[in-house]
Every structure is written in structure tokens, then in C-alpha cells.
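Enquirer: Just a sequence and a predicted model for now, questions to come.
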Amino acid sequence: MRGKITLALWVLIFYLGATTVSAAAPTWLKPGTYVTYAVIVPKDARFGTNDIMVKINMLNERSFEALYPYLVKAVGRNVSRDENYVTALWPMGTSYLTFRVLSVEDDTAKILVRLELHDVAVERPDLANASVLVLSEVLTLDLRTGTYVINGTPVGGPSFFVDPSSPPGPGAVLLNVTVPEGGNWVMRVKNLSYSRYRGFEVLTHLRTFHPPFIYLESDVIRFNLHGPDYSFSGGTSFSALYDPSTGLMIASDMFSTPPELVLMGVVSSTMEDVNASRALRKLLAENSRKRWLQGWNLYATNVEFRDEGPFKRPGSPLVYYFALSVLTAIAVGIRDFRRWVR
């Protein structure tokens, strides 16, 4: 009898532990999985539509080397990687943001974040221009907690997916990082909605999505950065729409900076999908039940989307009833075990 009770308790504990890990890591998160988002900018778009502000001493060596020749040409002097300087990038062409799972070992995943910018003016278009500029970073994702870690310290959560059964609610930390000369930046969820775009189809470069959706919006990190030869103040925030069947990000708003970009040195950005904006204006004029978001839009992925079906938002009484039932079962098992031992 005691053996059966002990076995049952171990099975239950194992199940709860496995549920906790899988809740933070979707089933599709495996080596080779990739998700690419695009901001499409046609040739006739005006200059200055999109901008990216980069903190030089937050870049890794690979990204700094990619930017270095254009930066030196723009500022007219040598620049070191540990220098307190913020530069402006003006991508005038189409940009791509890719998240690729490099490896999954035990409770840790390595995520490559790659930002590819086309026709980029550095500082000013008359100073330096790059046909293609790539900034990248490999981040470590703790699958138990669903957070990125640097030297063992949690620094924020992934933007390209959420756990649809338990997405981060108001107050949850999306970013917690120390910015050199800028102090500690903490970004929290301000709003979590299941009714945004209710009754609308959402279009992306890859496919059309149907409601319901999960919409997440953060607060704004206000900052004032300055150095010997620059001064830059502004705000950074994040907001995006998610597919509830996979948890994958569908699209973001144009003034949205994913936390991963901040971790790799992009302290602020405005990225408008000009084609999406033009299509949205047309849809609004037609009173259509379709919508585009104006920021990063899903462009390509090897994640398989499940057949659409009814979606129930988490937090229903059944969820709490199930949790209470599990806890009650554990308590009863421990009580009976102690009685048996006595």
C-alpha cells in the first residue's frame, strides 16, 4: 500500500514538473525552428520613416565589426566598442528580424536573434550608407522560467512567442537590463487583452489569421542618454499580437521594440511596414473586416499552425478547479501516507 501511495505521489510531482516546463516552452521550440518577421519598405517611401538607435557599448564584437566601417566614416574618427555613444541607423529598404533555435539541451535553449537591414544610412544619408547591415546576438533561454538569462541573471522574456495557456499578465517583467550610462531598464506588461481585433481577420506576409488573438502591451521605459558628443532622450516599449494556438507572435505595432533587440544594443526603434500601412488605409476606407498591423509582420516560419478551433482564455473557473483538485489530491495522499506510517 505504501509503495502505491509513494509511486502515485512521485508520478503526480513529475507530471506537475513536466507541465511547468512545457508551459514555458512550446512544443514547436526545437533545434532548427525559425520565425522571420519583415518590415516591407518600397522604393518610393520617404526617408526617415524608420529609425534604429544603437548603443555602441552594448553591441557584441560581431555586430560592432559589421557597423564599424560605416560608423567611422559617419563620425569622422575612430570609435571603440566600449565607447559611450549612440548612433542612428536609418533603414530605407526592407528589414528582416529572425529568431532561430540553435539548440535545446535539458532546460536551456540557444536563440539566435538576427536583425537584417537593407539600404541603411548611418547618422545621415550623405555620410555613410550600407547596402546590407546585420546585427545579431545569441541569447540563452531558460525553458523552466521562460526568461532569457545572462550569466545566470534573468534579463527578460521572449517576444516572438508567449505561453498561450498562461501569457504574461499585467505587472509581468518583459525586460530587466542595465544599460551602460542609462541605469536599470525594467519593462512590464501594462495590458493583456483577448478582445483586441475581435471580429477582424489579421493579415501578414505569410498568411491570414482569424480571431481570437492575444494582445500584449508594455509600459514605456523613459530614458535620457548622453555622452561627450551626443544626447538622446525618448522611450522604449513593446506591443504585439499573438496566435493563441501556437503562442507565436503574428505582428507588432510600429513603435514596438522587442526586448531581444534591447539586449543586443538597440535601445529604441520605429519600424513601419509601409506596404502594410498603405494596405491598412485602403481596408479602413472600404470598411473591411480585415486589418494589417504596421510594425513587424510574420514573413516566414517552419512552425506548423494547428487547425483553427475554439479558444478559451486561461483563468476560467475550470483552471482553478483543476489546480485545487491537484493540490487536494497531494494533501490527501500525504495525510494518508502519514497515517499508514503511524
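Expert: Happy to help now that I have it.
Enquirer: Next, count neighbours for residue 226.
Expert: Counted by other CB atoms under 10 Å, the residues lying close to residue 226 total 13. C-beta: built from backbone N, CA, C; applies to glycine.
Enquirer: Number the residues from 50 up from this point.
Expert: All set: I'll call the first residue 50, so the last point we hit is now residue 275.
Enquirer: Partner strands of the helix or strand hosting it, with direction?
Expert: Using DSSP states H and E, residue 275 falls within strand 270-276. Sheet pairing for strand 270-276, assigned by DSSP bridges, gives strand 279-285 (antiparallel).
Enquirer: Return the residues in contact with residue 324.
Expert: Listed by CB atoms under 8 Å, 6 or more residues apart in numbering, the contact set of residue 324 reads 89-91.
Enquirer: Can you tell me, leaving aside adjacent residues, what's nearest to residue 253?
Expert: residue 347 (4.0 Å; CB to CB, 6 or more residues apart in numbering).
Enquirer: Where do the helices of the protein begin and end?
Expert: Per DSSP state H, the chain carries helices over the ranges 51-73, 110-124, 308-312, 323-334, 366-390.
Enquirer: any idea which of those helices scores lowest on pLDDT?
Expert: The weakest mean pLDDT among the helices of the chain belongs to helix 51-73, with a mean of 40.
Enquirer: thinking again about what came up before, so what's the residue count around the residue nearest to residue 253?
Expert: Neighbours of residue 347 (other CB under 10 Å): 26.
Enquirer: burial count for residue 139?
Expert: Neighbours of residue 139 using other CB under 10 Å come to 19.
Enquirer: what separates it from residue 101, distance-wise?
Expert: 8 Å (CB to CB, to the nearest Å).
Enquirer: what's near enough to touch residue 281?
Expert: Residue 281 makes contacts with 102, 135, 273-275, as judged by CB under 8 Å, 6+ apart.
Enquirer: Find me the pLDDT at it, would you?
Expert: pLDDT at residue 281 comes out at 93.
Enquirer: still on that earlier bit, quick check: the residue nearest to residue 253 vs residue 294, distance?
Expert: 14 Å.
Enquirer: residue closest to the middle of this structure?
Expert: A centroid search over the chain (CA atoms, centre = their mean) returns residue 208, at 1.3 Å, as the residue closest to the centre.
Enquirer: close enough to count as contact, it and residue 298?
Expert: Yes - between residue 208 and residue 298 there is a contact under CB atoms under 8 Å: 6.4 Å.
Enquirer: Now do the shared contacts for these two.
Expert: residue 289.
Enquirer: so where's the chain uncertain?
Expert: Applying pLDDT under 70 to the predicted model, the residue ranges of the chain that meet it are 50-73, 356-391.
Enquirer: can you rerun that using 90?
Expert: 50-74, 95-98, 155, 173-176, 277-278, 355-391 (pLDDT under 90).
Enquirer: From the contacts of residue 324, list the buried ones, please.
Expert: 89-90 (16 or more other CB atoms under 10 Å).
Enquirer: any idea which of the contacts of residue 324 is closest to residue 243?
Expert: Using CB to CB, residue 89 comes nearest to residue 243 of the contacts of residue 324, at 28.6 Å.
Enquirer: returning to that earlier point: let me have the contacts of residue 324 in a markdown table, adding distance to residue 113 as columns.
Expert: Listed next are the contacts of residue 324 as a markdown table, based on distance: CB to CB, whole Å:
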| residue | distance to residue 113 |
| --- | --- |
| 89 | 28 |
| 90 | 25 |
| 91 | 31 |
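Enquirer: What residues does the spatially closest residue to residue 289 that is not a sequence neighbour make contact with?
Expert: Excluding its sequence neighbours, the residue lying closest to residue 289 (CB to CB, 6+ apart) is residue 301, at 4.1 Å. Residue 301 makes contact with 86, 208, 287-290, 307, 342, 344-345 under the criterion CB under 8 Å, 6+ apart.
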